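With the input below, show me the fold.
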Amino acid sequence: MIVVSNTSPIINLAAIGQLNLLEQLYGRIVIPQGVYHEIVIVGAGQAGAAEVQTSAWIESRQVVSQGLVTSLLTNLDKGEAEAIALALDDLRAKAGFRISPQLYAQVLHAAGE
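Modelled structure (predicted):
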């Protein structure tokens, strides 16, 4: 199972020495580049930074739907917005997540895509 994560679970589990729980539960996790930046660059030297940078089971991906990210930024920070956008693309494309064409079109329209 592949799981998309935002910053909080990673840094909080790393802070208590339990980041490996995510690997044990899910095998690997995917983080958007915004989350990678928050943890590794902004949080350099803090809990989780080294682990995210060196762990093969944590994969960073670029978010394709930037319009969706932009629309989510009104209520969320960049890492959270990118995690949702990345998960939504994967839910439809890889997991066959069912969403009505009308709702999907409405989300894309609101995101300017």
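
how about stretch 34-52: buried residues?
Neighbour counts over stretch 34-52 (16 or more other C-beta atoms under 10 Å) mark 34-40, 43, 47-49, 51-52 as buried. To be clear about C-beta, it is placed using only N, CA and C from the backbone, and glycine gets the same treatment.

what about the helices in this protein?
Under the criterion DSSP state H, the chain carries helices at the ranges 7-15, 20-26, 33-36, 49-54, 66-72, 78-93, 101-110.

if we take the buried residues of stretch 34-52, which one ends up nearest to residue 25?
Ranking these by separation from residue 25, with C-beta to C-beta as the measure, puts residue 51 on top at 15.5 Å.

quick one: the closest one from residue 85, how far?
Per C-beta to C-beta, to the nearest Å, residue 51 is found 24 Å from residue 85.

Could you list the low-pLDDT ranges of the protein?
Scanning the chain for pLDDT under 70 picks out 1-2, 90-113.

For burial, what's the neighbour tally of residue 6?
In terms of burial, residue 6 registers 24 neighbours under the definition other C-beta atoms under 10 Å.

Name all residues that make contact with it.
By C-beta atoms under 8 Å, 6 or more residues apart in numbering, the contact list for residue 6 reads 31, 35, 79, 80, 83.

hang on, the second one packs against residue 7?
Yes. Taking contact to mean C-beta atoms under 8 Å, the distance of 5.2 Å between residue 35 and residue 7 places them in contact.
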